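S.K.: mind folding the following:
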Amino acid sequence: MVKRLSAEREKISLCEVLDRVLNTGVVVVGEVTISVADVDLIYLGLQLTLTSVETANRVGLGMNAQAQAVPARPEPKLEHTWT
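M.R.: Residues are numbered from 1 along each chain as shown. Reported below is the predicted structural model:
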């Protein structure tokens, strides 16, 4: 009986954690440097945001906010001279 109750509590706590993460969001930041013979070759900076779409839109991280923040690249003008 004790094992069954602890398993139910684990399921409930996992569900609560997932609900909280999706409602509030989590940001994971990391850095990786790849080097050979003490010479840094590649630096990689990472930022991962885990949240629900509703929360992302509410705090301004949604796709609509990103599309508005980044201006569209103008179309290149192609000029043809026909000879």
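S.K.: where along this protein do the strands fall?
M.R.: Under the criterion DSSP state E, strands of the chain are mapped to 26-36, 39-50.
S.K.: redo those as CSV? Include mean pLDDT.
M.R.: Formatted as CSV, these follow (pLDDT from 0 to 100):
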stretch, mean pLDDT
strand 26-36, 89
strand 39-50, 88
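S.K.: can you tell which of those is closest to Ser13?
M.R.: Evaluated over those, closeness to Ser13 peaks at strand 26-36, with 16.4 Å, by Cβ to Cβ. Just so you know, the C-beta spots here come from the backbone N, C-alpha and C atoms, and that holds for glycine as well.
S.K.: tell me what angle the closest one forms with strand 39-50.
M.R.: Here strand 26-36 points in a direction 170 degrees away from that of strand 39-50 (axes from the mean of the first three to the mean of the last three Cα atoms, to 10 degrees).
S.K.: contacting residues around stretch 28-46?
M.R.: With Cβ atoms under 8 Å, 6 or more residues apart in numbering as the contact definition, stretch 28-46 has outside contacts at 47-48, 50.
S.K.: so which of those wins on neighbours?
M.R.: Per-residue neighbour counts (other Cβ atoms under 10 Å) across the contacts of stretch 28-46 peak at Leu50, which has 11 neighbours.
S.K.: bridging residues for that residue?
M.R.: Note on Leu50: beta-bridge partners by DSSP bridges are Val26.
S.K.: distance of Leu48 from Val29?
M.R.: Per Cβ to Cβ, to the nearest Å, Leu48 is found 8 Å from Val29.
S.K.: sorry, slip of the keys, the one I care about is Pro74.
M.R.: 33 Å.
S.K.: give the residue from those two that has the larger number of neighbours.
M.R.: Just comparing Pro74 and Val29: by other Cβ under 10 Å the higher neighbour count belongs to Val29, 9 against 6.
S.K.: how many residues are close by Thr51?
M.R.: Neighbour count for Thr51, taken as other Cβ under 10 Å: 19.
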